[in-house]
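Trainee: just a sequence and a predicted model for now, questions to come.
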Amino acid sequence: MPSTTIRPTLRDITPLQWRSGIAAWLGWFFDGLDIHLYTLVAAPFVAHLLGDVARTNPDVKEKMSWIQAAFMLGWALGGGFFGRLGDLLGRSRSLALTILTYALFTGLSFFATTWWHLLIFRFVAALGIGGEWAIGSSLLAETWPKSWRAWIAAVLQMGVNIGILVACVARASMAGLPEKYVFLIGILPALIVFWIRRKVPETAEWQHARDVASADMPGTLDLFRGDVLRTTVFTVIVCACSLTGWWAFLFWNHQHFGNLPELQGWKSADRERLTTFVFFLIIAVSIAGNFFSAWLARRIGYRNAIIACFAGFVFCFVGAYGVPRGYRSLLMWVPWIGFFSGVFALFTMYLPPLFPVLLRTTGAGFCFNIGRIAAAAGTVIFGRFAVVGDFRLALLFDGFLFIPAMIAMLWMPNMRDDEA
């Protein structure tokens, strides 16, 4: 008789699995919140820190670029550092440390009085945010049913999206206050740390692998040896190119909309509302993209789904920025860029299983977040490449980064949820 596979249902999920899922989802939610508080107030806040100069002052653009670059660099280094801690100390302990780090230093941004104060606070906050991704994804990969990976990835990424939307709402509701007050919201994640430490134990898979390895623990250099080297190299290329493309878009598209010629006669508050609405729309549409990507991965496999979404990115970037467009015309294109960003939800469950258990958060954290170093450089380079106030061509060429990412994906395995 043919064998049948019994797939788990929600009733089969244990309390431990629910707690692990809630902890990871909240970590993702607060990641999204803390990440984008700066993006939404970057221009006016940096202009204020530089002595209340005009937002169109070239110094504002330059300092915004360096602050965002420092954030991306911190994200990359945090992914490597806390990712390593996740393999050494366990998922639960390290998850709590990452959340506490980014909550504290996001809150400290309130006290910045010069632009380089803000750069330092954003850098350290990013260390925690970068580490949380690798640890949270490994936590769920080791506790929840493997047949659910694509849908779990979509729900997790939705946590980031909702966090970003809450940041937009918070910014809009605090529009009458000085920009620095939005950073106080970033302290909230610290409240869940104590619950995580009490209710979320280490995973059985990590504990077993740790006991077997004993003192013979693999090190970071093992990412560059043997069969793991090939995985590391191609994963770094994919992450570096795609993350640079996405993050440069998120940061500079916001500035591009705010500096469109047709908006220059608008009141500052009205212009802020429009740019916030555009940002909100992109992220809201990306929630649908998360579940589309999950559905696609289950139909054609993770690799093929990722390649298809990268191709969608290229098409939409060319459509949006290939010719000069007004804000109404751009609104027909940029939400689709948000839709295809659902591909990053797939990274959550695709990357960790590529590596051995005791290199899982080290490998996923290093490869995913090393892309942040490229994104940091890309943010500065594309900012310098752009004409002050007009970032169209920079954004167009930014979209072409998804082409080498597609090519590198051809050498990656086409995993499916029922394989690992």
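Mentor: Arrived safely. The structure presented is a predicted model; accordingly, all values stated were derived computationally and were not measured.
Trainee: would you quantify the distance from R298 to I129?
Mentor: Here R298 is placed at a distance of 29 Å from I129 (C-beta to C-beta, to the nearest Å). Bear in mind the C-beta positions are built from the backbone N, C-alpha and C, glycine included.
Trainee: could you do F105 as well?
Mentor: Distance, F105 to I129, using C-beta to C-beta: 10 Å.
Trainee: of those two, which one has the most company?
Mentor: I129 (30 against 24; other C-beta atoms under 10 Å).
Trainee: that one and T98, how far apart?
Mentor: According to C-beta to C-beta, I129 stands 7 Å off from T98.
Trainee: kindly report the same for W18.
Mentor: Using C-beta to C-beta, W18 is found at 21 Å from T98.
Trainee: dump the residue contacts of F277.
Mentor: With contact set as C-beta atoms under 8 Å, 6 or more residues apart in numbering, F277 has no partners.
Trainee: and it, what's its pLDDT?
Mentor: Note on F277: pLDDT of 85.
Trainee: quickly find the element holding it.
Mentor: Taking DSSP states H and E as the criterion, F277 maps to helix 268-300.
Trainee: hmm, back to that, look at W18 and T98 and report which has more neighbours.
Mentor: The neighbour comparison of W18 against T98 (other C-beta under 10 Å) goes to T98, with 30 against 14.
Trainee: which element is that one on?
Mentor: helix 91-108.
Trainee: with R210 instead?
Mentor: Assessed by DSSP H and E, R210 sits inside helix 204-213.
Trainee: what residues sit buried inside the helix holding F277?
Mentor: Using 16 or more other C-beta atoms under 10 Å as the test for burial, helix 268-300 gives 271-272, 274-276, 278-280, 282-294, 296-298.
Trainee: would you mark the buried spots in the helix or strand following that helix?
Mentor: Where DSSP H and E defines the elements, the next helix or strand beyond helix 268-300 is helix 302-321. For helix 302-321, burial by neighbour count (16+ other C-beta under 10 Å) applies to 302-310, 312-317, 319-321.
Trainee: elements contacting helix 302-321?
Mentor: Helix 302-321 sits against helix 226-258, helix 268-300, helix 334-340, helix 343-350, helix 392-399, helix 402-409, with contacts defined as 3 or more C-beta pairs under 8 Å, 6 or more residues apart in numbering; DSSP states H and E.
Trainee: pLDDT on it, on average?
Mentor: 96.
Trainee: gap between that helix and the chain center?
Mentor: Offset of helix 302-321 from its chain centre (C-alpha atoms, centre = their mean, to the nearest Å): 17 Å.
Trainee: show me what the helix or strand that that helix is followed by is packed up against.
Mentor: Next along the chain after helix 302-321, taking DSSP H and E as the criterion, comes helix 327-330. Helices and strands touching helix 327-330, as assessed by 3+ C-beta pairs under 8 Å, 6+ apart, are absent.
Trainee: which residues are in contact with helix 327-330?
Mentor: F257, L260, E262, L263, L274, V278, A320.
Trainee: let's see 6 Å
Mentor: By C-beta atoms under 6 Å, 6 or more residues apart in numbering, the surrounding residues in contact with helix 327-330 are L260.
Trainee: export that helix as CSV, just CAs?
Mentor: In CSV, the C-alpha atoms belonging to helix 327-330 read as follows (Å, rounded to 0.1, in the frame of the first residue of the first chain):
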residue,chain,number,x,y,z
TYR,A,327,3.8,61.0,-8.0
ARG,A,328,0.5,59.7,-9.3
SER,A,329,2.3,57.7,-12.0
LEU,A,330,4.8,56.4,-9.6
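Trainee: which parts of it are buried?
Mentor: By 16+ other C-beta under 10 Å, the buried positions in helix 327-330 come out as Y327, L330.
Trainee: pLDDT of it, averaged?
Mentor: Helix 327-330 comes out with an average pLDDT of 88.
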